[in-house]
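Enquirer: 3D model of this:
(2 chains)
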2 protein chains.
Amino acid sequence: MPKILRINTRTKEYAFEEVGPYANLGGRALTSRVINKEVPANCHPLSAENKLVFATGLLGGSTAANSGRLSVGTKSPLTEGIKESNSGGMFAHKMPKMGLLAIILEDKPEEGASFSNIVISDGTVEFKDASDIVGMDNYPAHEKLLAEYGDKLVCGMIGPAGETVRKTATIQFTDPYKRPARSAGRGGVGAVMGSKKIKAIILDPAVNNKVEAADAEAFKTARKTWVDILRGHPVTAEGLPGFGTSILVNIINEAGAMPTKNFRYGQVDHAADISGEKIEEVIKSRSGKPTEGCHTGCVIQCSQQYNDANGEYLTSGFEYETVWAFGANALIKDIDDIATMDRICDEKGMDTIEIGNTIAIAMDGGIIPWGDGKAAIELLKKVGSDDPMGMIIGNGVTFAGGAFGVERLPVVKNQSMPAYDPRAVKGVGVTYATTPMGADHTAGYGVCQNVLGVGGSIDGHVKDGNVELSKNLQVATAAIDSMGFCLFVAFAVLDSENGVQAMADLVQAYTGNTFTADDLVNLGVGALQDELDFNAKAGFTKLDDKLPRFFETDPLPPHNVVWDIDEDELQGAKV
Amino acid sequence: MPKILRINTRTKEYAFEEVGPYANLGGRALTSRVINKEVPANCHPLSAENKLVFATGLLGGSTAANSGRLSVGTKSPLTEGIKESNSGGMFAHKMPKMGLLAIILEDKPEEGASFSNIVISDGTVEFKDASDIVGMDNYPAHEKLLAEYGDKLVCGMIGPAGETVRKTATIQFTDPYKRPARSAGRGGVGAVMGSKKIKAIILDPAVNNKVEAADAEAFKTARKTWVDILRGHPVTAEGLPGFGTSILVNIINEAGAMPTKNFRYGQVDHAADISGEKIEEVIKSRSGKPTEGCHTGCVIQCSQQYNDANGEYLTSGFEYETVWAFGANALIKDIDDIATMDRICDEKGMDTIEIGNTIAIAMDGGIIPWGDGKAAIELLKKVGSDDPMGMIIGNGVTFAGGAFGVERLPVVKNQSMPAYDPRAVKGVGVTYATTPMGADHTAGYGVCQNVLGVGGSIDGHVKDGNVELSKNLQVATAAIDSMGFCLFVAFAVLDSENGVQAMADLVQAYTGNTFTADDLVNLGVGALQDELDFNAKAGFTKLDDKLPRFFETDPLPPHNVVWDIDEDELQGAKV
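Expert: Okay, here's the model as predicted:
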C-alpha cells in the first residue's frame, strides 16, 4: 500500500505513514479530506497551522490513459477557503513509483529561516540548502536542478512569486520535456509553499519502482475500452490535439461569451489574431510542436511548444484561458506578447488567469493603457521582487482593485473568473458562484452543454436547467479530480454510454477494491462535502456564493443577457 | 423641524426633505438607520449604490456641553460592513443652524469626472469645480477655502488619501481654530467621499440661524446639572484637560496593556519619552497650548496645540492612540517624529490608528527598520500619490499584510486594533470582537472598568464579567453617539448617579419630545440593531466576531495573559 509522507518543515522530522483514515481516497478527495480534518479553518493561510498536501489520484502511477494529474490542497491565501489546485506534469505519476499516495508539508520554520529544497528518496527525506536557486526564475532554477539530479529529475518548485508569498503564486511541476511548465495554478498554493520556506520538492530519480494493477487482466481490458472512448470523440481525438484549448477562441467569441475589456463585452474584434488556428499557424511556421501531452499516458495531447520569431522555445501549456485573459480581456492583440506573458507567469510562478485579469484591472484603473502588451510585460516582471507594484500585481484582482481604486472586479470568493462570461454561459456561471473553489471553470464546465453541445444541450442564456447541470458537473468533476484523470476526459465521457463505468472499472482493477459507478459518484460528493464543510467553518455563507452585482445590472453585448439566478436558487447547485 | 438634505452627486439634483421615517433619530442612530434601510448590504463600498451620511446628534446645535459631535455613516471600504465614524469640529454644531439634521450624498459621477466642492446654503446646493484644491494636502486646501469663504468657514474635506480612495481615508472637519484637524477617522469614510468625486462640503458662513430649545427653562436647568457632572469628575475636570488623552501612556503601560512591537509585548521601555506628561512639557516649552477643545461647547478641552522646535504650529488633536501607534507599537521614540506623522495623517487625510498599525506591519515585514521614525515619515508621504507603496500603506493593515507577507495582523473585520491589548483589557477586547464597527475602542471602552476604576472595577485579565460589561458599554456608547455627545462624557456619567437622567432631560427639553432614560437606552439598542442587521445581510457571521488566533496562542508579557473568550460566549455581548 502506498504511504502518506508527512514532513515537518520546522523540525525537519518526517514519517511515512499508513493511509489509515484516508484509505480509498485519492487526488482531490484526499487533499480536501486532509485539509478539512487537519487544518483549523480559521487559521491564516500562511501560518504554521496551514498544511500543503500533494496527492496522486486513485489511478496515479497506472497506465490508464490521462490519469496522471496531481492534486495540491491547502487553505488558499487567495480565497481564504479550501483549495484543490490541479496540475499536469510528471509528479503525480512518479509518486506511486516511490510508494507515495500523498506528501503533506506541515508547520513552518522560525522567522528569518532560509529556503530549503526537500529531496525525497526511498524511505528518506533530506532538507538541502536552496540558496543557489532562491530568487531565480523557474526555468533557470529547474535547469540547475537538472544539472544536479540528472535528466530524470521530477520536481515541484516555486518561483519568485511563491517565495514572496504572492496570492497568485503557483507551484510548477516538471513536464515530460524537462521543463517546469505545468502549474498548480489557482488559489496561491505556491505562497503556502513559500511560507514554509520550501523552494523545491525533488523526487529522487533513482527510485522508480514498478507499479502493478491488482487485477492485471481486468485492468488491461478496461484500459483498452477507456482509450477507445477517448479516441472516439471528436473533441478529445481531433479538436484538442489539433489546435489545443485555444480552439475555443473562435467558438466562445462566436457565442458572444468571450469576456472582453474586463467583462464589458461578449466578443472581441481581434479574435482572428489570437485564435487557436492562428496559434497553430505560428507554431508550424517556426518549427514548434503544435501538439504534445502534459503528462505520461496522455492520449489527448492538447499542449504544444510555441517558439519565438527566431525559432527558439518560448512557452508551452499555452491555454485558451491564458490567451483569453491577456488577449481579449486586456485587449492585447500581439500573440507573441501573450506567449511572452505566459512564459513570464511560468518563470515567476503565477496563475495566468488571475494575473491576466489583474492586468485588465490595472488597465481599468489607468495604470497602463488598454491593450498595451509591452507595458503589461513590464508589470509582470516586477512580481517576486521588492517592487511594491510587483506586490500589488502578484496578489491578484481583488487586491489590485483595492490598490487601483477599481470596483468592477469579476471575482467570486476573491478568485477571478476565467474565460467564459457567466451571463452568456449560465451553466458555468452557477459553478463560479457555488463551487467551494471560488470562480473556477474546471469545477463544473457547463460550457459543454451551453456552447459545445457535448453531453446534451442546455441554453446558456436562461437559467432553466443550469443549476442542476452545474451540480451534476461539480460532482463528476470532483470524482475525475480524485481518480487523477485529466478533466478533458469528460468531453468523451459525457457523450459515451459506458464512460463512467469504464472509469470505475479501471479503479477497481487497479486498486483491487470494489469500485462501482455509485462509488465514483460518492467519491465526488464526499470531496465536495469536505470542501463545503471547511468553508462553512471558515465563515463562508450563501452570501459568498454570489456573482458581483454588475453581472446583474449590466447586460452583456451582443446578446444583452444578464445574470438572473438568485441566491436561493443557487444553493440548489450544492451537494 | 430640521431637514434631511439629499444630494445626488451624479445628476447634481438635491432635495431638502422632511425627516419622515427618520424622526426622533440623530447622530449614529440616524446614520446607521439610513445605511441599513437604503444601501444594498452587498454593494461595493465605492459603487454608486453606497451612500455617505453626515448627521448631527439629537442635541446638535444646542448649548449642552460637549454635544456637538458628528456622525458619518456609510458602508466601509475597510471593513465592508456598516460604519459610523465620529468626529469633533464645527460641522455638526453648524448643521442645525442651517436647518439640517443630516446630509446624504448619493450615487456617483460617471467615470472620468473631475472633483467638485459642494456649497450648501439656505435652501440651495451648488456644485463648484474643485480643481484649484484637488491633489492638495488638507491644511493648504483649507487655507484656500478660508481665503475664499472667510474666517467663518466650516467644511468637511478629503485629502489625497480620500481622492485616491484609500481604505484609511478620513474626512477632515474645520475645528474651532480654523484648522482641518478633526477627523472622521476610521473605516475609510473619506474613500467613499472620494469615489463620489466630492473634495469638500462647505456650509455657507452666511447662514447661521439661532436654534432654540423647545423648553428653554427646562433646558437651562438640565444644562447646568450636566455641566456640574462633567466638572465634578476627576477625569473630565482634571486628567483630560491637564495632559490630554496621552495621560494614558503611563497608565496603560503600567498596567502592562500597551501593545508594543505589533502586539508582542504589553509594555514599552521608552514610555517616558512619549507620555502625556512629556508632551505637556514640550508643548509648554515651545509656547504651544496644552489644552483646547475640538468643538463649540466643550468643557473638557482634551486637545492641544503642539508646536515644533521652532515654536511653529505642528499639530493638534494629537491623541493617545496616535502616540501609541507610532510610539509604542512601531517603537518610534522621538515625540517630534510622532507629532509630524500625526500632522501628515491630517494632511493626507488618513486614520492615525490604522496607519500607525500599518507602519508596524511594514516594520514586521522588513520594509523599514523597527523604530525608524524618519523612514516611516517617508512612507506616509507617499500616500495619495501614484506611488504603489503609497497605495499599499494607504490601504491599512490587512492590505499591507498581504503585500508584505506578514501574517501577524491585529485586526477584527479588517479594522486594526487601537492602543489596548485585548489580552490584558478583556472588556475592550470583547468590544473589538463584537462591535459591528471592527476593532474599535470607542464602541465600548472597557478600559474604564478594567484599568481606570471608573464606573466600577472589573478584572481585565480574566473573562468574568467582561462580556456583559462590553454589551452595556456598547449600548451606552451608541446612545451617546446618537445624542451628539463626546464619548468622554461617559467617564463622568459612569460615576454619577444622575448622569443618564441628565442626558435624557437635555434631549427632552431641547427637542420637546418625551425622552426618558429608557428611551436613551433604546436609542442605543436601535442603532446597534440596525448595524448588526446590515452586517448580517453583508455576510458577517459570528465567525467574524473573533480576534486573530495569535491572541489565543501567544501570552502577553509581563502578565502572560492570553485571549480565552470563545465565540459562543462572545455572542453574549451583542444586543
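Enquirer: Could you tell me how many residues sit around residue A:518?
Expert: 10 (other C-beta atoms under 10 Å in any protein chain shown). Where C-beta positions appear, they are placed from N, C-alpha and C, glycine not excepted.
Enquirer: And for residue A:98?
Expert: Neighbour count for residue A:98, taken as other C-beta under 10 Å: 23.
Enquirer: Next, the contact list for it, please.
Expert: The contact partners of residue A:98, by C-beta atoms under 8 Å, 6 or more residues apart in numbering or on different chains, come to A:120, A:121, A:122, A:203, A:204, A:207, A:208, A:209.
Enquirer: Please render the residues you listed as TSV that adds pLDDT, neighbour count and secondary structure to the earlier fields.
Expert: Formatted as TSV, those follow (pLDDT from 0 to 100; neighbours: other C-beta atoms under 10 Å in any protein chain shown; DSSP: H, G, I helix; E, B strand; the rest coil):
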residue	pLDDT	neighbour count	secondary structure
A:120	98	23	strand
A:121	97	14	coil
A:122	94	10	coil
A:203	98	26	strand
A:204	97	18	coil
A:207	96	16	coil
A:208	94	13	coil
A:209	95	11	coil
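Enquirer: between those residues, which is closest to chain B?
Expert: Sorting those by how near they are to chain B, with C-beta to the nearest C-beta, puts residue A:120 at the top with 26.6 Å.
Enquirer: okay if I get the contacts of residue A:98 as a markdown table plus distance to chain B?
Expert: Compiled in a markdown table, those are given as follows (distance: C-beta to the nearest C-beta, whole Å):
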| residue | distance to chain B |
| --- | --- |
| A:120 | 27 |
| A:121 | 31 |
| A:122 | 35 |
| A:203 | 28 |
| A:204 | 31 |
| A:207 | 34 |
| A:208 | 37 |
| A:209 | 39 |
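Enquirer: ok, residues contacting stretch A:519-532?
Expert: So stretch A:519-532 is contacted by A:25, A:28-29, A:32-33, A:35-36, A:58, A:81-82, A:84, A:436-437, A:474-483, A:500, A:503-504, A:507, A:574-575 (C-beta under 8 Å, 6+ apart).
Enquirer: ok, now which ones touch residue A:480?
Expert: Counting by C-beta under 8 Å, 6+ apart, residue A:480 touches A:487, A:489, A:490, A:503, A:524.
Enquirer: Count the neighbours of residue A:272 for me.
Expert: Residues near residue A:272, counting by other C-beta under 10 Å, number 13.
Enquirer: How about residue A:365?
Expert: As a burial measure, residue A:365 scores 17 neighbours (other C-beta under 10 Å).
Enquirer: So it is in contact with residue A:400, correct?
Expert: Yes. Counting by C-beta atoms under 8 Å, residue A:365 does reach residue A:400; the two are 7.5 Å apart.
Enquirer: list the residues that contact both of the two?
Expert: Listed as contacting both residue A:365 and residue A:400 by C-beta under 8 Å, 6+ apart are residue A:406.
Enquirer: Show me what whichever strand or helix holds residue A:54 is packed against.
Expert: Assigned by DSSP states H and E, residue A:54 falls within strand A:52-56. Secondary-structure packing of strand A:52-56 (3 or more C-beta pairs under 8 Å, 6 or more residues apart in numbering or on different chains; DSSP states H and E): helix A:27-38, strand A:70-75, helix A:91-94, strand A:100-106, helix A:189-195.
Enquirer: Which among the ones you listed is found nearest to residue A:395?
Expert: Proximity to residue A:395, assessed across these by C-beta to C-beta, is greatest for helix A:189-195 (9.3 Å).
Enquirer: rewinding a little: quick one, which of the contacts of stretch A:519-532 are buried?
Expert: Burial by neighbour count, judged by 16 or more other C-beta atoms under 10 Å in any protein chain shown, picks out A:25, A:28-29, A:32-33, A:35-36, A:58, A:81-82, A:84, A:436-437, A:474-483, A:500, A:503-504, A:507, A:574 from the contacts of stretch A:519-532.
Enquirer: among these, which are in strands?
Expert: A:82, A:84 (DSSP state E).
Enquirer: burial of residue A:385, as a residue count?
Expert: 15.
Enquirer: Quick one: residues contacting the residue lying closest to it once chain neighbours are set aside.
Expert: Of all residues not flanking residue A:385 in the chain, residue A:160 sits nearest, at 7.0 Å (C-beta to C-beta, 6 or more residues apart in numbering or on different chains). Contact analysis of residue A:160 by C-beta under 8 Å, 6+ apart lists A:135, A:136, A:137, A:348, A:349, A:383, A:384, A:385.
Enquirer: ditto for residue A:142
Expert: Applying C-beta under 8 Å, 6+ apart, one finds that residue A:142 lies in contact with A:153, A:155, A:157, A:172, A:174, A:178, A:179, A:180.
Enquirer: For the buried ones among these, write the corresponding PyMOL selection.
Expert: Applying 16+ other C-beta under 10 Å to the contacts of residue A:142, the buried members can be selected in PyMOL as follows:
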select buried, chain A and resi 153+155+157+172+174+179+180
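Enquirer: tell me which of the contacts of residue A:142 is nearest to chain B?
Expert: The closest of the contacts of residue A:142 to chain B turns out to be residue A:157 (C-beta to the nearest C-beta; 18.5 Å).
Enquirer: Name the secondary structure element that contains the closest residue to that closest one other than its chain neighbours.
Expert: Nearest non-adjacent residue to residue A:157, counting by C-beta to C-beta, 6+ apart: residue A:200, 3.9 Å away. Using DSSP H and E, residue A:200 sits within strand A:198-203.
Enquirer: Now residue A:252: closest residue in space that isn't a chain neighbour?
Expert: Among residues not flanking residue A:252 along the chain, residue A:258 sits closest, at 4.7 Å (C-beta to C-beta, 6+ apart).
Enquirer: before we move on, which element is the one you found in?
Expert: According to DSSP H and E, residue A:258 maps onto no helix or strand at all.
Enquirer: same check, this time on residue A:337
Expert: Following DSSP H and E, one finds residue A:337 within helix A:335-348.
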